[in-house]
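Here's my sequence, what's the structure:
(chains A and B)
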2 protein chains.
Amino acid sequence: MSKKNKDFVEKITAMEDDFAQWYTDVVKQAELVDYGLIKGTMIIRPYGYAIWENIKDELDRMIKESGHTNVQFPLFIPESWLQKEADHVEGFAPEVAWVTHGGDEELQERIAVRPTSEVLFCEYYSRHIHSYRDLPKLYNQWANVVRWEKTTRPFLRSSEFHWQEGHTAHATDKDAEIETARMLDTYADLVENYMAIPVYKGKKTESEKFAGAKYTLTIEALMHDGKALQSGTSHHFGSGFAEAFDITYLDENGDSQFVHQTSWGLSTRIMGALIMVHGDNRGLVVPPKIAPTQAMIIPVAQHKEGVLDKAYDLRDQLKGLVRVDIDASDKMPGWKFNEYEMKGIPVRIELGPKDIEKEQVVLVRRDTGEKEFVALADLEKRLPELLDEVQQNLYDKALAHRNEKTTSVTTMEEFREMLEEKGGFLKAMWCGDEACEEKIQEETTATSRCIPFEQEKLAETCVCCGKPAKEMVIWAKAY
Amino acid sequence: MSKKNKDFVEKITAMEDDFAQWYTDVVKQAELVDYGLIKGTMIIRPYGYAIWENIKDELDRMIKESGHTNVQFPLFIPESWLQKEADHVEGFAPEVAWVTHGGDEELQERIAVRPTSEVLFCEYYSRHIHSYRDLPKLYNQWANVVRWEKTTRPFLRSSEFHWQEGHTAHATDKDAEIETARMLDTYADLVENYMAIPVYKGKKTESEKFAGAKYTLTIEALMHDGKALQSGTSHHFGSGFAEAFDITYLDENGDSQFVHQTSWGLSTRIMGALIMVHGDNRGLVVPPKIAPTQAMIIPVAQHKEGVLDKAYDLRDQLKGLVRVDIDASDKMPGWKFNEYEMKGIPVRIELGPKDIEKEQVVLVRRDTGEKEFVALADLEKRLPELLDEVQQNLYDKALAHRNEKTTSVTTMEEFREMLEEKGGFLKAMWCGDEACEEKIQEETTATSRCIPFEQEKLAETCVCCGKPAKEMVIWAKAY
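Next comes the predicted model:
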């Protein structure tokens, strides 16, 4: 076995020992990301990008099927325009990267590299929406955005990241409300049914909502270390932006009305969830539905006559049925096993001289490590079935973990104890007062993740102040 | 007919009267682009973006099928890194948008918003290429880039534009040479066979090559006004960047060698070619292979019983066969005819009560305006055939125009006369001296477009200085 640089698979830190280091190791060893020259920027490498492209393609299909069209707006926003909506600029200005020079010339006005694009879409809508016939406008764009962050980690928090941002305008508040909910459901569909990650759906509290929004809906997932990750958000703007940007339409009676807007985004951050929900101490685990390679054929004793031919035949036979690849390099099978386990390829297909003799292959699942011998004649039936089983098992495992780590508490003592002991999500009643929300966060470092749609009545009183409770909130330490 | 803002199709300027204004009118009236808040940036609207997405999808497929993988590199380049390759920085620095502040803090070093990404890929390759086994690296990315331009026009020259940029590293100069030629062929395939635009393939002269390249290959297309548009370029870097960035590998003998690199790009600029090659005085004309909607069903007398039902049935029947849509709005058919002619939709399907009675539809071609009556029973056969005919006719027309506007000249007098009289491409012999190239450009404003691969021997001597000719060059005024 060669000891050359790239032929050597380094060990990764065990997640029990140092979860943050495990994450960094997986990102590096599975060849997902490398660091850019500017601190906090990332290079998404071929394998990382192929996974993101699959996520992107699924979401893009969903977005288009629900009547949205893609557009492409500029990267640049003049400073004066960013300031039009007060809450919005307050939320984003501290993180803006500013362009001040074009070539040798100093610009008359500073330009923001977009941290998000509400301003640009609003300006456009103010010029293009005239009548109720122009509504709704259902636009989406895939774009890079920049937020100048102090502390960064690949995928989770980077100075530049990639996302889609939907921006819609509607005739009524109700229409915008329906859109906001519909796009949250789209995100939940993607994350649960394609990425095999269960989520809680709910509304952000006032203090956690998007800068400029009337309210924000969110999906929240639980990572392996018991911390939460906000995985997609959908904002109802009411007519706040419309008033700031003067976006009006004439209704059927000829009266001028403000439009009602939404925006919603899902970013490369979701790759962090993929890693931290399904990964284990052997590396990444990719759900079959988004895996660039679903099954990797590894010839065993490939120098023996007929093995490679048969392996290539098998590849050709399975192409079109599943996303299959073959590694016929001269590396040892053991090295290849490790490599594709590290990359989280859902199923490995081993094929050696003995298998050929017996007209069978060996299938090895990445998620459980289970082996099965399958007759070649049954493979076209069995392999897709097995991929479905892996997909389902990943979801079931993640759901069991999430549920096991979700605890209902009714006192602050319990809150602190459970957070310390188990981490994860804590359900607790809340009076609705921001003072309690702040106090809990200060005392525990947990933040309110959402006011879940599925409410329970755990107690009559707020977990913090003891006053009458208004609703149940889900809390967690979060990324 | 309603006179509301968006229901009113404005006339466009005739191209004979003012070609530049015709272009601007088409871009606006066909709803391709709108202007961004920063001068020279553009908003690509839904219809414009849908066309670009089709071009992108075809090219992305070709790029992947030829073994390349997509990646995503950062938007930002530190100034010191941009300066590593002398020719490169000289070529791009005057057009760089500089970021100087992150939030409230002034940065220690200025950051360039990428005008192109050679620097970033080189830095990465210098860390990731070790052995001949790591080669070739065949990377591509779809990205936005910024070049601070003084004079801008939608698609043709914009401060921010969108493109793919391929960056590859190879073991030998020959391998890089093959790659450079292969990707130029890929561009020619896309532009000729999907966009129906004939191109001349050739090499740029030294003075026109990419900043930092050993040589640049190009495809050149002719616009309707007789001006050329560079439509895609592929650069061979030799080992120049490898030496500047120290990108080496150990060959099979264990000796250290520099890699040999290429880069190649095709941008949203190609949308300008689409407009200016196929468009006419009724608006845009989109070749069927890249048309978001290939056939638009327009019900006639749709208030009559059964018409709309039948039109929707037809839409459902044709779905999956071609990209079909229906306009069942309450606008007048004449308005709709104009609208979809403006948008260049290849075929219009008219269906009225009489047609239903006769079990037929009327097909109207956008390119020629020809009408034909087709029995409903034959439509599934005839419509795809007709789309092929439109595609072929657009190519044939563009080719005839290009050929008619390509003239061979042997004296400067002829050169000036023909350029004045006919415009278009001028073929002329050249001694290879840059002084002649400059002189021709100064005197005529035509630039050398390429040294075409298909050489002819028009004369023994240079068209400019009369010294022995080295090769034939194609000249034109260009965008």
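
all strands for the stretch 101-250 of chain A, in order.
Residue ranges of the strands in the stretch 101-250 of chain A, as given by DSSP state E, counting those that start in this stretch, are A:105-113, A:137-146, A:160-170, A:200-203, A:215-222, A:228-238, A:248-250.

what about the shortest one, near chain B?
No: against chain B, strand A:248-250 shows no contacts by C-beta under 8 Å from any C-beta of the partner chain, the least distance being 8.7 Å. C-beta: built from backbone N, CA, C; applies to glycine.

hang on, A:Trp475 packs against A:Thr445?
No: when contacts are counted by C-beta atoms under 8 Å, A:Trp475 is not listed as touching A:Thr445 (10.3 Å).

The two: who's more crowded?
Taking neighbours as other C-beta atoms under 10 Å in any protein chain shown, A:Trp475 and A:Thr445 compare with A:Trp475 leading, 27 against 10.

separation between A:Val99 and B:His162?
Using C-beta to C-beta, to the nearest Å, we find A:Val99 at a distance of 18 Å from B:His162.

Revised request: answer the last question for A:Ile297.
Distance from A:Ile297 to B:His162, by C-beta to C-beta: 37 Å.

Burial check on A:Thr13, number of neighbours?
16.

That one - that's part of a strand, no?
No: if the criterion is DSSP: H, G, I helix; E, B strand; the rest coil, then A:Thr13 is coil and not within a strand.

in terms of contact, does it touch A:Val27 like I think?
No: between A:Thr13 and A:Val27 there is no contact under C-beta under 8 Å: 11.9 Å.

how far away is the residue nearest the centre of chain A from B:Val33?
Geometric centre of chain A, nearest residue: A:Ile270, 1.8 Å, by C-alpha atoms, centre = their mean. Distance of A:Ile270 to B:Val33, computed by C-beta to C-beta: 31 Å.

Repeat that for A:Val347.
If you go by C-beta to C-beta, the gap between A:Val347 and B:Val33 works out to 46 Å.

B:Gln83: which of the strands of the stretch 101-250 of chain A is closest?
Of all the strands of the stretch 101-250 of chain A, strand A:105-113 sits nearest to B:Gln83, with 19.4 Å by C-beta to C-beta.

Go through that closest one and flag the buried ones.
By neighbour count on 16 or more other C-beta atoms under 10 Å in any protein chain shown, the buried set for strand A:105-113 is A:107, A:110-113.

can you check stretch A:219-239 too?
A:219-239.

same thing with stretch A:168-181?
A:168-171, A:173, A:175-177, A:179-181.

now swap in stretch A:458-465 and tell me
Neighbour-count burial for stretch A:458-465, with 16+ other C-beta under 10 Å as criterion, is recorded at A:459, A:461-465.

Now do the lengthiest helix in chain A: which elements does it pack against?
In chain A, assigned by DSSP state H, the helix with the most residues is helix A:379-404. Applying 3 or more C-beta pairs under 8 Å, 6 or more residues apart in numbering or on different chains; DSSP states H and E, one finds that helix A:379-404 contacts strand A:215-222, helix A:270-278, helix A:307-318, strand A:347-351, strand A:360-365, strand A:371-375.

Between A:Val99 and B:His162, tell me which one has more neighbours.
Each of A:Val99 and B:His162 has its neighbours counted (other C-beta under 10 Å); A:Val99 has more, 25 against 20.

Report the separation between that one and chain B.
Distance of A:Val99 to chain B, given as C-beta to the nearest C-beta, to the nearest Å: 5 Å.

Against which helices or strands is whichever strand or helix holds that residue packed?
Assigned by DSSP states H and E, A:Val99 belongs to strand A:97-102. Applying 3+ C-beta pairs under 8 Å, 6+ apart, one finds that strand A:97-102 contacts strand A:105-113, strand B:97-102, strand B:105-113.

where does chain A dip in pLDDT?
A:1-10 (pLDDT under 70).

Show me the domain layout of it.
Annotated domains of chain A cover A:12-278, A:293-388, A:406-476 [automatic domain parsing].

which one of the ones you listed is the most hemmed in?
Of those, the one with the most neighbours on average (mean count of other C-beta atoms under 10 Å in any protein chain shown) is domain A:12-278, at a mean of 20.

from the buried residues of stretch A:458-465, which is closest to chain B?
Closest approach between the buried residues of stretch A:458-465 and chain B, by C-beta to the nearest C-beta: A:Cys464, at 32.9 Å.

my guess is the closest one contacts A:Glu442, does it?
No: between A:Cys464 and A:Glu442 there is no contact under C-beta under 8 Å: 10.8 Å.

In contact with A:Thr116, which residues?
By C-beta atoms under 8 Å, 6 or more residues apart in numbering or on different chains, A:Thr116 lies in contact with A:92, A:145, A:165, A:263, A:265.

Could you report the separation of the residue nearest to A:Ile270 when sequence neighbours are not counted from chain B?
Nearest in space to A:Ile270, with sequence neighbours left out and distances taken as C-beta to C-beta, 6 or more residues apart in numbering or on different chains, is A:Ser231 at 5.7 Å. Remark: distance between A:Ser231 and chain B (C-beta to the nearest C-beta) = 20 Å.

Need the outlier residue of chain A, farthest from its centre.
Largest centre distance within chain A, by C-alpha atoms, centre = their mean: A:Glu305, 45.8 Å.

got the phi/psi numbers for that residue?
phi -60, psi 130 (degrees, to the nearest 10).
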